[in-house]
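Chemist: Build the 3D model from these lines:
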Amino acid sequence: MNDFPAIGHGIGLRPPHFVAMSTKPPVVDWVEVISENFMVAGGNPRAVLRRVRERMPVVLHGVSLSLGSVDPLDAHYLDALDNLAREIEPAWLSDHLCWSSFGGHTGHDLWPLPFTEEALSHVVERVARVQERLRRRILLENVSSYLQFASSALTEWEFLAELCRRADCGVLLDVNNVFVSAYNHGFSPQAFLDGIPVDRVGQIHLAGHSDEGTHLLDTHDHPVCDGVWDLYRAAVTRFGPIPTLIERDDDIPPLEELVAESRRAAQIEREVRAARAESSVTIPPAVVAGPRPKRDAVSKFEPLPKLQELFYDLVTAPTGVGPGLVARGLAAADLEAIIAGDHRLSAARRLDIYADMYFYRILDVLRDEFPRVVAAVGDVAFHDLVTDFLLAHRPSHPSLREAGANLAAYLARHALGVARPWLPELARLERAHRELFDGADVPTLTLEALRGLPANTLVRLAVRLSPTHAVFNFAFALSTIWSSVRPPQPPEPAARPESLLVWRQDFEVRHREVDGADEAAMLAVAAGGATIAELCETMIAQTPQPGDDAPTRAFQILARWIDDGLVTRKSEATTGRSA
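Modeler: Down below sits the predicted model:
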């Protein structure tokens, strides 16, 4: 698999380590990033990624390609991924052997497939189309799973090996996922390794998981455990030196701890290579979690579209899988004929694991994006708000960053927003901070550069405001409560109209109240573009009683916008927006 070069050992690039990884000497051989987090117009993440790419190889790892879905492939998503790949020139691209969307909606999760010939043919065809569109082979990762479909005629490793053969793609072998799934379903993890063709593995993932008693949960919030390290040694023994990544997404530790885990992986690789050089190596015995679950129920084969429809409807049911079954006129036995339950977990309980992950993943993202709304209404009320919101607005965008795009508008119709009409406005302001953080990057003018221009040239200079700005006209004085995040409940804002300018400067989103009609006029004109002379004339005209000081004030206001990084040449900007 020459498309996947031997680049050593790396870690996932996450926001807590952006500064260190982009400014200090490299501490690992390469990094991997979640593709969707960087498929934005601009902002700090893209800038960091460009700086890191100048220093080391980068791998793009996606979570939303949804290769197993019966929905059409998302052409817009593929275009955005292709554009990102053209800019970054990654060592390779990868995604997951799973599905995550149905009926135009996404679950932001990695849902399992039935290992049937129908599913295999479907995924092979889609992988071929994706590789043709991207003009490169991709790696597919085995996912952690919490249920198996009763109709599966192949093991997961047989399915994956045949997929690689037919589609001519590679494998991203997640050793932790093998360990987790082996425990959850009772198969031998060594059998999984033995079933994957040696020449198809292009990358390895190592991560941590949580022990929930009845099952292991792939949470990426713990260090790699001893059992996974042992299985990694067995993987290196079988597959040889494969680029290996330490993956951590929650409770992210200091960079030094991740680097230490990466070095431990490198040390295991060296030990295996040394042992091979000295003598023949015996593969360690398999760590068997228990017998394969018995399937007493009669298997019911559902075509892939029907199976995904049932799965999606039950996972997104507002009150859980049990009531969702009742609403569809199904009994627990009907589900047991489709999903294999066992003495540890019933079919319904296994599906409930996915239902919990669907809701709480989105809830956590929205809590992070709207902390002031959470502080205002409390955790319980916000939980209920999100429950109602997801019924009205099931996610459809492949990126979790867009999960809250419609929350402010929904809140305006919700009982919470009707009772406290400043809450939707607060949500709009918080959402604006997120959107402008990812806005397109354009070069802005500086006072130093303008001071060197002749006066007649300066006044004819055509300018606009940067696209990373917005003006909001609120009915309440939100700026007075913006900092009230930690108290149990912030004070009620005054019912006083307030116009706020929100903008990004040096990758920090800020806001302040618009100061008078002259600045409002400047915003209105600059959004469409004008010369500096026209801007000043407009501001002077908006002054209630123009006098000798009006031109001076106009230039002072203009200087402030320039100093704030708001002004760019007209040819280099698109319009901002007002709300």
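Chemist: Could you export stretch 458-465 as PDB, keeping only the C-alpha atoms?
Modeler: Only the C-alpha atoms of stretch 458-465 are listed here, as PDB (Å, rounded to 0.1, in the frame of the first residue of the first chain):
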ATOM      1  CA  LEU A 458      -6.300  57.900   0.500                       C
ATOM      2  CA  VAL A 459      -9.700  59.500   0.000                       C
ATOM      3  CA  ARG A 460     -10.300  57.500  -3.200                       C
ATOM      4  CA  LEU A 461      -9.400  54.200  -1.600                       C
ATOM      5  CA  ALA A 462     -12.400  51.800  -1.900                       C
ATOM      6  CA  VAL A 463     -12.900  49.800   1.200                       C
ATOM      7  CA  ARG A 464     -15.400  47.400   2.900                       C
ATOM      8  CA  LEU A 465     -15.800  46.000   6.300                       C
END
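Chemist: Please point out which parts of that stretch sit buried.
Modeler: 461, 463, 464, 465 (16 or more other C-beta atoms under 10 Å). For glycine as for every other residue, the C-beta is placed from the backbone atoms N, C-alpha and C.
Chemist: Can I get those in CSV including pLDDT and secondary structure?
Modeler: CSV is the format used below for those (pLDDT from 0 to 100; DSSP: H, G, I helix; E, B strand; the rest coil):
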residue, pLDDT, secondary structure
461, 88, coil
463, 85, strand
464, 84, strand
465, 84, strand
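Chemist: Show the contacting residues for residue 361.
Modeler: Contact analysis of residue 361 by C-beta atoms under 8 Å, 6 or more residues apart in numbering lists 108, 109, 400.
Chemist: before we move on, what about residue 497?
Modeler: Here residue 497 is in contact with 473, 474, 475 (C-beta under 8 Å, 6+ apart).
Chemist: Which residue, other than its chain neighbours, is closest to the first one?
Modeler: Beyond its immediate neighbours in the sequence, the residue positioned closest to residue 473 (C-beta to C-beta, 6 or more residues apart in numbering) is residue 499, lying 5.1 Å away.
Chemist: wait, what's in contact with the one you found?
Modeler: 471, 472, 473, 474, 513, 514, 520.
Chemist: ok now whichever strand or helix holds residue 432, how far from the chain's centre?
Modeler: Using DSSP states H and E, residue 432 falls within helix 422-437. Distance, stretch centre to chain centre, for helix 422-437: 19 Å (C-alpha atoms, centre = their mean, to the nearest Å).
Chemist: change the start of the numbering to 23 and stick with it
Modeler: Noted, 23 is the first residue going forward, which turns the last one into helix 444-459.
Chemist: what's the next secondary structure element after it?
Modeler: helix 469-473.
Chemist: returning to what we had before: is it possible to export the contacts of residue 519 to TSV including distance to residue 227, pLDDT and secondary structure?
Modeler: Compiled in TSV, those are given as follows (distance: C-beta to C-beta, whole Å; pLDDT from 0 to 100; DSSP: H, G, I helix; E, B strand; the rest coil):
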residue	distance to residue 227	pLDDT	secondary structure
495	48	90	strand
496	46	95	strand
497	50	96	coil
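Chemist: Now list the buried members of the residues you listed.
Modeler: Counted by 16+ other C-beta under 10 Å, those give residue 496 as buried.
Chemist: Out of the contacts of residue 519, flag the one nearest to residue 121.
Modeler: Proximity of the contacts of residue 519 to residue 121 (C-beta to C-beta) peaks at residue 496, which lies at 41.6 Å.
Chemist: Specify the beta-bridge partners of the closest one.
Modeler: residue 520 (DSSP bridges).
Chemist: who's in contact with it?
Modeler: Per C-beta under 8 Å, 6+ apart, neighbours of residue 496: 444, 447, 451, 519, 520, 521, 522.
Chemist: Which of these scores worst on pLDDT?
Modeler: Among those, residue 521 carries the lowest pLDDT, at 89.
Chemist: returning to what we had before: among the buried residues of stretch 480-487, which two are most distant?
Modeler: 483 and 487 (14.0 Å).
Chemist: neighbours around the nearest residue to residue 109 once chain neighbours are set aside, how many?
Modeler: In space, and not counting its chain neighbours, residue 109 is closest to residue 72: 7.7 Å by C-beta to C-beta, 6+ apart. Neighbours of residue 72 under the rule other C-beta atoms under 10 Å: 14.
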